[in-house]
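Asks: Following is a predicted model, sequence given first.
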Protein chains: 2
Amino acid sequence: MTRNRQILLVARPLGAVAADNFRLVETELPALADGQVLVRHHYLSLDPYMRGRMDAGESYAEPQALGEVMIGGTAGEIVASRSDRHRVGERVVGMGGWQEYQIVDGECPGALRRVDSTLIPLSAYLGAVGMPGVTAWYGLQQLIAPRPGETIVVSAASGAVGSAVGQLARLRGCRAVGIAGGPEKCRAAVEEFGFSACIDHRLHGDTRSLAAAVAAACPDGVDGHFENVGGRVLDAVLRRCNPFARIAICGLIAGYDGQAIPLREPQLILLRRLKLQGFIVSEHLDFWPQALRELGELFTSGRLRHRESIVHGIENAAAAFIGLLHGQNFGKQLVRLV
Amino acid sequence: MTRNRQILLVARPLGAVAADNFRLVETELPALADGQVLVRHHYLSLDPYMRGRMDAGESYAEPQALGEVMIGGTAGEIVASRSDRHRVGERVVGMGGWQEYQIVDGECPGALRRVDSTLIPLSAYLGAVGMPGVTAWYGLQQLIAPRPGETIVVSAASGAVGSAVGQLARLRGCRAVGIAGGPEKCRAAVEEFGFSACIDHRLHGDTRSLAAAVAAACPDGVDGHFENVGGRVLDAVLRRCNPFARIAICGLIAGYDGQAIPLREPQLILLRRLKLQGFIVSEHLDFWPQALRELGELFTSGRLRHRESIVHGIENAAAAFIGLLHGQNFGKQLVRLV
């Protein structure tokens, strides 16, 4: 019998996420029933949205149940099948959760997506050619709707989503300006991901100073902003927005630890006739095929680069997730399980 | 020679607007040059946007110059003409400013709009069938885009804009819920303007209490919000917004006196996937003919009601404007000059 290691959510965070919110358990996998397949996960994706699911309060989705396996995107291989629809050896992407194996109903449409890992490495289907990439694509294309020559600002610019936004914006003829934490991430944003400039928000302790840095990096003002962070970053960028700028609100990681961070100058929404719009990529499934096609083509032709932070072993998932919430990752955060 | 009384802006407000920011002067009107017409103003429109123009700082338009006649919409009659395009006796609407007469270049397209005051009283062209009506129409129709059965909340519900929003929303099959200051305004919102309910924000000293009142008045949540006020009202309504609610930001009168009022829970934009959009109706001139046609038809058929607060005499314009900024008016604030 195959043993499975899983991470359960056992306590909701009081403020910051702590290691003891999670528990690693070992279980035996039951035998497959008719129609089922066994997926061995090669990679587990760690993403900021998971923080919201850990709370019992309002989020855009049901809270993660206590005592159950943490949700999460996974990429792996079918190692046993009693389904006519899947063969052993297939590479698949799904929402397998924080565990080494998952038993899946092979007949359930949409539960597993078969992917080709000959041209695109399996891990990229959790990043640039997966949910984070589509997030970047949707927010940029559908909400910001950039025009050539415009200036697009992106926070968390070296992250899985931000780095894709910057590259897509540039490919659409825009000037991309990043905001990231620390000199290494800023350097990567410019050198690896093609941002014209990247502001290190750690060098700017208040909104005024950060807004001045945005002004210096965006001499023509800001026409579009892809917000992954919120708080001071959003306040500073709004001050430099041009009339009719579009702001896609994708993440407000700074507020995930419970406290609400006010938006300091909402009058700018009127003064500059701004549009701010929040979105969740999983609610726009109709755009995924189109987005994944473009992202896949750009990736295989080398025009869409990505960076990964990989930890090894399910036992390190919680620590890696806490690090992600504190910005310690670099690019897409993954847990490698094989 | 005709004497003209004018109100100039002579000092920018330090915080709240004060009577001595303005000065009443009397001048002699020069003789008309070729092509010019003399308009005698019957009504001067007072509107919240004027507060923004009084500051030297950023607004969505050039600041009102010091020492010059305050800008403002006017409706009047041509009393002398040296233009082939206008005859004495015509009723016209324009941006004549805070003065009794204005000399206008009759050849300048768009400077004066001829109106018919047989079916619609002249004053209504400054209200329900004028800029405030089009503001209501544009924000509701183009930004909120209501669907039948939805709940639309409107702040400053008994005002020139708010009362039109509520009536238009109801005509589109929506449930309109108002927010206004004081029992009289709330009663009028329900009895005259057809709001299903109207919340007196003066009865609710904090955001929590106001949000509870919004929840009680909107059992199915809020699908669209037309914001004329901002501050606590916006905070409270956002808490009750349904996913994908649309918020048209038309006015933030509470912040006009200089202080920025933060938006307390911007995370709701993401959690509820909201769209907030600021707009200025004068930037959407292409929609005016369509809007004015509908507003005019509704007005003449009795389905669009309005209420006016009228003071008499240019010498009372400043006090009436200060009253408007403090919510002391009721419906459209006008100054009658004849």
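Replies: Noted; the coordinates are in hand.

Asks: got the phi/psi numbers for residue A:182?
Replies: phi 110, psi 150 (degrees, to the nearest 10).

Asks: and the gap between it and chain B?
Replies: From residue A:182 across to chain B, the span is 25 Å (CB to the nearest CB, to the nearest Å). In this view, the C-beta of every residue, glycine as well, is placed from N, C-alpha and C.

Asks: residues contacting that residue?
Replies: By CB atoms under 8 Å, 6 or more residues apart in numbering or on different chains, the contact list for residue A:182 reads A:200, A:202, A:327.

Asks: Okay, and residue A:63 sits in which element?
Replies: Using DSSP states H and E, residue A:63 sits within no helix or strand.

Asks: That one: how many residues sit nearby?
Replies: By other CB atoms under 10 Å in any protein chain shown, the residues close to residue A:63 number 15.

Asks: pretty sure it is in contact with residue A:56, am I right?
Replies: Yes - between residue A:63 and residue A:56 there is a contact at 5.2 Å, judged by CB atoms under 8 Å.

Asks: if we can go back for a sec, for PyMOL, what selects the buried ones among the contacts of residue A:182?
Replies: Buried members of the contacts of residue A:182 can be picked out in PyMOL with the line below, counting by 16 or more other CB atoms under 10 Å in any protein chain shown:
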select buried, chain A and resi 200+327
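
Asks: Leaving out the residues flanking it, which one is nearest to the residue in the stretch 101-250 of chain A that chain B sits nearest to?
Replies: At 5.0 Å from chain B, residue A:249 is the closest residue in the stretch 101-250 of chain A, using CB to the nearest CB. Distances taken as CB to CB, 6 or more residues apart in numbering or on different chains put residue A:278 closest to residue A:249, at 4.2 Å, once the chain neighbours are dropped.

Asks: export the contacts of residue A:182 to JSON lines and tack on secondary structure and distance to chain B?
Replies: Formatted as JSON lines, the contacts of residue A:182 follow (DSSP: H, G, I helix; E, B strand; the rest coil; distance: CB to the nearest CB, whole Å):
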{"residue": "A:200", "secondary structure": "strand", "distance to chain B": "23"}
{"residue": "A:202", "secondary structure": "helix", "distance to chain B": "22"}
{"residue": "A:327", "secondary structure": "coil", "distance to chain B": "18"}
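
Asks: how about JSON lines for the contacts of residue A:182, with pLDDT added?
Replies: Converted to JSON lines, those look like this (pLDDT from 0 to 100):
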{"residue": "A:200", "pLDDT": "98"}
{"residue": "A:202", "pLDDT": "95"}
{"residue": "A:327", "pLDDT": "84"}
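
Asks: Now distance to residue A:282 too, for the contacts of residue A:182, in JSON lines please.
Replies: Shown next, in JSON lines, are the contacts of residue A:182 (distance: CB to CB, whole Å):
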{"residue": "A:200", "distance to residue A:282": "32"}
{"residue": "A:202", "distance to residue A:282": "32"}
{"residue": "A:327", "distance to residue A:282": "24"}
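
Asks: Of the contacts of residue A:182, which is the nearest to residue B:125?
Replies: The shortest approach to residue B:125 among the contacts of residue A:182 belongs to residue A:200, at 55.2 Å (CB to CB).

Asks: List the contacts of the residue nearest to that closest one when sequence neighbours are not counted.
Replies: Excluding the flanking residues, the one nearest residue A:200 by CB to CB, 6+ apart is residue A:186, at 4.9 Å. By CB under 8 Å, 6+ apart, residue A:186 lies in contact with A:157-158, A:178, A:180, A:198-200.

Asks: So which of those are in helices?
Replies: Judged by DSSP state H, helices contain none of those.

Asks: Of these, which is the nearest to residue B:46?
Replies: Lowest distance from residue B:46 to the contacts of residue A:186 (CB to CB) belongs to residue A:199, with 43.8 Å.

Asks: what bridges to the closest one?
Replies: Beta-bridge pairing of residue A:199 under DSSP bridges involves residue A:179.

Asks: Tell me, how many residues neighbour it?
Replies: Considering only other CB under 10 Å, residue A:199 is surrounded by 27 other residues.

Asks: what about it, distance to residue A:157?
Replies: Distance of residue A:199 to residue A:157, given as CB to CB, to the nearest Å: 9 Å.

Asks: ok, now residue A:315?
Replies: Applying CB to CB, the value for residue A:315 to residue A:157 is 31 Å.
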